[in-house]
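[1] predicted coordinates and the sequence they were generated for:
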Amino acid sequence: MQWQQFVSPATQVYELPAPLKLESGEALVGAQVAYRTWGQLNDQRNNAVLVCHALTGWADADLWWEPLLGSGRALDPDRDFIICSNILGSCYGTTGPTSTNPVTGVPYGPNFPAISVRDMVKLQAILLDALGVGTLALVIGGSLGGMQVLEWAVTYPERVRAIAPMACSGRHSAWCIGLGEAQRQAIYADPDWCEGFYPPDRPPARGLAVARMMAMSTYRSWTSFETRFGRQVQPDGDQNHSDAAVDANFAIVNYLRHHGQKLVERFDANTYVALTQAMDRHDVGRGRSGGYPEALRSIQQPALVVGIDSDILYPPHEQQEIAALMSHAHLEWLSSNHGHDAFLINTQRLNRLVLEFRDRFGI
C-alpha cells in the first residue's frame with residue numbers, strides 16, 4: 001500500500017497483550033500502536049511529553065512540527081522524553097481500517113469498529129504504561145490532536161501535569177459535523193468505492209481527493225487564498241483558445257487538485273471516514289456528570305489554549321469558551337492569515353508561546 005512508505009524507519013510498534021475494549025463495546029484483538037520517541041525517560045518517570053497529531057498526521061513530529069522539536073525548543077529531547085504515536089484508526093502502523101482483521105483474515109476496510117477520541121487516548125495510555133511513563137509533563141496538539149489533549153486532561157487527570165490544546169473545540173459543532181459528512185459523501189460517491197470493498201490496486205482516489213479539496217478550503221482563510229491566488233491564471237500551453245475566460249486555468253483550482261492528489265498518494269479512504277466520524281463524536285462532556293461545562297471545569301492543570309484569529313473551522317469563540325471554563329487556562333492567539341493550518345505554519349510564534357508557558361509554570 002502506498003501509505004506504508006510514509007512510516008519512518010525510526011517508528012516502533014507495540015502490540016497489546018490483551019484485546020482493546022472500545023467505547024462502542026466492541027474489542028480489537030491483536031491491536032498494535034506505532035510510535036516514535038525522542039530523548040530519554042528520567043528516573044522519576046515524569047519528564048514525558050505526549051505530542052498528539054491531527055487528522056492525516058503521523059508519528060514523525062520532527063517533520064511536521066520541526067520548529068518546535070529540538071535542543072532549546074518547546075519540545076527539547078535534552079530535557080523531555082517526547083512521544084508521538086499514530087492514533088487508533090491510523091493507516092500508518094496503528095490498528096485501523098487498513099489492518100488485517102484476525103477473525104476474517106482480510107483488512108477491516110469499512111467494517112472497522114466505530115472509534116472515539118477517548119478510544120485513541122486509551123490506547124495512548126496503554127502505550128505509555130508499556131514505556132514506563134509515570135506522569136506526563138505536558139500533552140500538546142492541534143485540531144484532532146487538541147481534542148485528544150482535552151480528553152487526556154479529563155480522563156487521566158492524575159497523569160497529566162499540563163496541557164496545550166490548540167485550534168480545537170471541546171465538542172464538535174454542527175458546522176464541523178456537516179463539513180465532515182460532505183467530505184465522506186464525496187468518498188461514497190466515487191464509483192470505485194463499491195461500498196468500501198474496493199480493490200487494493202484501485203482505491204476511491206477521486207472521492208478522497210475531492211474530500212481533501214473540501215477540507216483544504218476550510219483549513220485556510222479567505223484572506224489566505226485571496227492574497228496567494230486571487231484570480232491568478234496559470235498558462236496551460238494552449239494559446240489557441242478563443243475565449244480565455246471560459247478556459248481559464250485558475251491557480252487556486254490547481255492548488256486544491258494538487259493537495260487532493262497528494263493525500264491520495266499517502267492516505268486511505270476508509271481511514272479518512274473512520275477518523276472524521278470519530279471527530280464528530282468528540283464531546284468531552286458526553287456521558288459525564290454535569291455534562292460539557294463540568295467536564296471542562298474539572299480540568300485543574302495549567303493549560304495553554306491557543307486559538308487562531310482567522311480559523312473558520314474551529315473559530316476563536318470555541319477556544320475562548322474552553323479557556324473560560326477551565327480553572328487555570330491561559331489563552332493565547334496566533335494572529336495569522338493562514339486560517340486553521342496556522343498551528344502548522346506559524347510555528348516560530350507557536351514555539352515561543354509554548355516555551356513561555358513552560359517557563360512560567362516550570363513544566
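    Nice, thanks for sending it over. Residues are numbered from 1 along each chain as shown.
[2] who are the packing partners of the helix or strand where residue 356 lies?
    Assessed by DSSP states H and E, residue 356 sits inside helix 347-361. Where contact means 3 or more C-beta pairs under 8 Å, 6 or more residues apart in numbering; DSSP states H and E, helix 347-361 is packed against strand 163-166, strand 303-308, strand 329-334. (C-beta placed from N, C-alpha, C; glycine too.)
[3] in it, what's buried?
    347, 349-351, 353-355, 357-358, 361 (16 or more other C-beta atoms under 10 Å).
[4] domain ranges for this structure?
    Domain assignment for the chain by automatic domain parsing gives 2-175+284-361, 178-274.
[5] ok now the first one, how far from the chain's centre?
    Read that as domain 2-175+284-361. Distance of domain 2-175+284-361 from its chain centroid, counting by C-alpha atoms, centre = their mean, to the nearest Å, is 8 Å.
[6] so what's residue 106 up against?
    Residues counted as contacts of residue 106 (C-beta atoms under 8 Å, 6 or more residues apart in numbering) are residue 100.
[7] check what pLDDT it gets.
    What the model reports as pLDDT for residue 106 is 92.
[8] again with residue 240
    48.
[9] check residue 16 too.
    Turning to residue 16, the model gives it a pLDDT of 98.
[10] count the residues that sit near it.
    Using other C-beta atoms under 10 Å, the number of residues around residue 16 comes to 17.
[11] where does residue 34 fall, phi/psi-wise?
    The phi/psi pair for residue 34 (degrees, to the nearest 10) reads phi -90, psi 140.
[12] tell me the bridge partners for it.
    Beta-bridge partners of residue 34, counted by DSSP bridges, are residue 13.
[13] show me what contacts it?
    Neighbour list for residue 34: 7, 11-13, 59, 85-86, 90, 92-94 [criterion: C-beta under 8 Å, 6+ apart].
[14] coming back round to it: tell me the most buried of the domains of the chain?
    Burial of those is given as mean neighbour count (mean count of other C-beta atoms under 10 Å); domain 2-175+284-361 ranks first at a mean of 20.
[15] can you list the residues that contact the strand or helix carrying residue 296?
    Element membership of residue 296 [criterion: DSSP H and E] is helix 291-297. Residues outside helix 291-297 that contact it (C-beta under 8 Å, 6+ apart): 150, 154, 170-171, 283-285, 288, 290, 322, 325-327.
[16] make JSON lines from the residues you listed and add secondary structure, pLDDT and distance to residue 43 to it.
    Below are these laid out as JSON lines (DSSP: H, G, I helix; E, B strand; the rest coil; pLDDT from 0 to 100; distance: C-beta to C-beta, whole Å):
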{"residue": "150", "secondary structure": "helix", "pLDDT": "98", "distance to residue 43": "30"}
{"residue": "154", "secondary structure": "helix", "pLDDT": "98", "distance to residue 43": "29"}
{"residue": "170", "secondary structure": "coil", "pLDDT": "98", "distance to residue 43": "36"}
{"residue": "171", "secondary structure": "strand", "pLDDT": "98", "distance to residue 43": "39"}
{"residue": "283", "secondary structure": "strand", "pLDDT": "98", "distance to residue 43": "38"}
{"residue": "284", "secondary structure": "coil", "pLDDT": "98", "distance to residue 43": "33"}
{"residue": "285", "secondary structure": "coil", "pLDDT": "98", "distance to residue 43": "38"}
{"residue": "288", "secondary structure": "coil", "pLDDT": "96", "distance to residue 43": "35"}
{"residue": "290", "secondary structure": "coil", "pLDDT": "95", "distance to residue 43": "38"}
{"residue": "322", "secondary structure": "helix", "pLDDT": "98", "distance to residue 43": "35"}
{"residue": "325", "secondary structure": "helix", "pLDDT": "98", "distance to residue 43": "36"}
{"residue": "326", "secondary structure": "coil", "pLDDT": "97", "distance to residue 43": "31"}
{"residue": "327", "secondary structure": "coil", "pLDDT": "92", "distance to residue 43": "31"}
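[17] in those residues, find the pair that's most separated.
    Greatest spatial distance in the contacts of helix 291-297: 283 and 327, 19.9 Å, computed using C-beta to C-beta.
[18] can you tell me which of the contacts of residue 34 is nearest residue 275?
    Of all these, residue 275 sits closest to residue 90, with 7.8 Å by C-beta to C-beta.
[19] which residues touch that closest one?
    Contacts of residue 90 by C-beta under 8 Å, 6+ apart are 34, 58, 96, 271, 275.
[20] of all residues in the chain, which one is nearest the centre?
    Nearest to the geometric centre of the chain sits residue 54, at 1.2 Å (C-alpha atoms, centre = their mean).
[21] let me see the ranges of the helices in the chain.
    Listed in chain order, the helices of the chain (DSSP state H) span residues 61-64, 117-131, 144-155, 174-188, 205-219, 222-228, 251-264, 269-280, 291-297, 316-325, 342-345, 347-361.
[22] make TSV from these and add distance to residue 306 to it.
    Listed next are the helices of the chain as TSV, based on distance: least, C-beta to C-beta, whole Å:
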stretch	distance to residue 306
helix 61-64	16
helix 117-131	18
helix 144-155	8
helix 174-188	18
helix 205-219	16
helix 222-228	18
helix 251-264	24
helix 269-280	18
helix 291-297	16
helix 316-325	7
helix 342-345	7
helix 347-361	6
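[23] closest one to residue 46 among the ones you listed?
    helix 117-131 (11.7 Å).
[24] so what does the closest one touch, helix or strand wise?
    Here helix 117-131 touches strand 12-15, strand 20-21, strand 32-38, strand 48-52, strand 81-85, helix 144-155, helix 269-280, going by 3+ C-beta pairs under 8 Å, 6+ apart.
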